[in-house]
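[1] the sequence and its predicted three-dimensional model are supplied below.
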Amino acid sequence: MPLVILSGLPSSGKTRRAQELKQFFETRIAAQSPDGTASKAKDYRIHIINDESLNLNKHVSYNTAADEKKARGALMSAVERLLSKDDIVIVDSLNYIKGFRYQLYCVARAIGTPHCVMFCGCLPDMARAWNKATGAYPEKIFEELVVRFEEPDSRTKWDSPLFVVVPEDTKLPEDEIWDAVILKKAKPPNLSTVVKVVKETNYLYEFDQTTQNVIQAILDAQKSGDPTKQIKAPLSNIPLQLPPTRVVTLSELRRLRRQFTSINKMHTLLDMNRVAEGFVEYLNQNLNS
Ligand SMILES: Nc1ncnc2c1ncn2[C@@H]1O[C@H](COP(=O)(O)OP(=O)(O)OP(=O)(O)O)[C@@H](O)[C@H]1O
């Protein structure tokens, strides 16, 4: 039966959500009467596959590309072994490489079973704090994984249907997940998901252009060597303050732009007139802290 692929930053609450989902499936299945469409669900077994169930150590699994490959291999074997007509499999792992999510989707497709992706959206700062508290990942590995993370995109078939949950959500979109993967109703994602997932390509395009222009203004100003380190970025009345003693690199700017884009998607979308200033404020905060 269905394959549920979790995805999210390290220490972003995936295991917590996986357990909530398992509990929901168990409760809903137990509540089914022998009649009705969902009664066929009564004999499902539910598995959570994660580092713990596979005996993998996070301090080792993400050390090198070869270690990661081995860990992904173990995870994939477990999915292939467990996924069947009577088994629900929840893959509670980072699943941060889109090619890997595609491979998981292919396993579900090969046995003709539905799948969905649940993205645990979480700001890096929050995940970082939770990671610090538990020591789950070494700091360096945590930061590398944040940079490499390839966020699910509901426009691709392997990341769709996509359910986005954020730490503030007290409840999973249970009915929508049930309908999508157990009843196999082709229903659009719930409203809270819709507002969080950007669909309007026009908005996306303008958002990209606006933030890109701010980055270009920074690069130009650094090239000209303005000693005030204060920039008037396009479309922003708020001045952009560069760090006084160092040059900001393009890769740092790109990373901050990606983070800002994710944050914007996770919350109510900024009005387009506010994007430039929002980005400038975000840069002021993060470049000078
Ligand atoms: N919504 C939340 N509110 C408060 N604390 C949370 C929340 N979600 C997760 N945490 C805390 O963050 C830590 C990491 O959570 P969890 O193990 O679920 O994350 P994970 O994404 O599965 O991590 P990993 O990447 O190691 O698999 C735990 O200590 C957990 O208690």
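    Arrived safely, thanks for sending.
[2] could you use CA atoms for every contact and neighbour count after this?
    Will do.
[3] stretch 13-23: which residues count as buried?
    13-15, 17-18, 21-22 (16 or more other C-alpha atoms under 10 Å).
[4] give me the contact list for it.
    For stretch 13-23, contacts defined as C-alpha atoms under 8 Å, 6 or more residues apart in numbering pick out 6-8, 46-48, 90, 92-93, 120, 167, 172, 174.
[5] show me the shaky parts of this structure.
    33-43, 185-201, 267-268 (pLDDT under 70).
[6] quick revisit: among the contacts of stretch 13-23, which ones are in strands?
    The members of these that map onto strands under DSSP state E are 6-8, 46-48, 90, 120.
[7] just the buried residues of stretch 13-23 that are near the ligand?
    The subset of the buried residues of stretch 13-23 within reach of the ligand, by C-alpha under 6 Å from any ligand atom, is 13-15.
[8] can you redo those residues as CSV with secondary structure?
    Putting those into CSV (DSSP: H, G, I helix; E, B strand; the rest coil) gives the following:
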residue, secondary structure
13, coil
14, helix
15, helix
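[9] residue 75 and residue 57: what is the separation?
    13 Å (C-alpha to C-alpha, to the nearest Å).
[10] and if you look at residue 91?
    16 Å.
[11] how about the residues of this protein by the ligand?
    Taking C-alpha under 6 Å from any ligand atom, the part of the chain that reaches the ligand is made up of 10-16, 93-94, 130, 134, 136, 167.
[12] and the furthest pair within those residues?
    136 and 167 (18.4 Å; C-alpha to C-alpha).
[13] what helices or strands is the longest helix along the chain leaning on?
    When the chain is scanned for its longest helix (criterion: DSSP state H), the result is helix 201-224. Applying 3 or more C-alpha pairs under 8 Å, 6 or more residues apart in numbering; DSSP states H and E, one finds that helix 201-224 makes contact with strand 230-231, helix 250-266, helix 275-287.
[14] restricting to C-alpha, output that helix in CSV.
    C-alpha atoms of helix 201-224 as CSV (Å, rounded to 0.1, in the frame of the first residue of the first chain):
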residue,chain,number,x,y,z
THR,A,201,4.7,31.3,-12.0
ASN,A,202,4.4,35.1,-12.6
TYR,A,203,5.0,35.7,-8.9
LEU,A,204,7.9,33.3,-8.8
TYR,A,205,9.5,35.0,-11.8
GLU,A,206,9.1,38.5,-10.4
PHE,A,207,10.3,37.3,-7.0
ASP,A,208,13.4,35.8,-8.6
GLN,A,209,14.2,38.9,-10.6
THR,A,210,13.7,41.3,-7.6
THR,A,211,16.0,39.3,-5.3
GLN,A,212,18.5,38.8,-8.1
ASN,A,213,18.6,42.5,-8.7
VAL,A,214,19.4,43.1,-5.0
ILE,A,215,22.2,40.6,-5.2
GLN,A,216,23.6,42.3,-8.3
ALA,A,217,23.5,45.7,-6.6
ILE,A,218,25.6,44.2,-3.8
LEU,A,219,28.1,42.7,-6.2
ASP,A,220,28.4,46.0,-8.1
ALA,A,221,28.9,48.0,-4.9
GLN,A,222,31.6,45.7,-3.7
LYS,A,223,33.4,46.0,-7.0
SER,A,224,33.3,49.8,-6.8
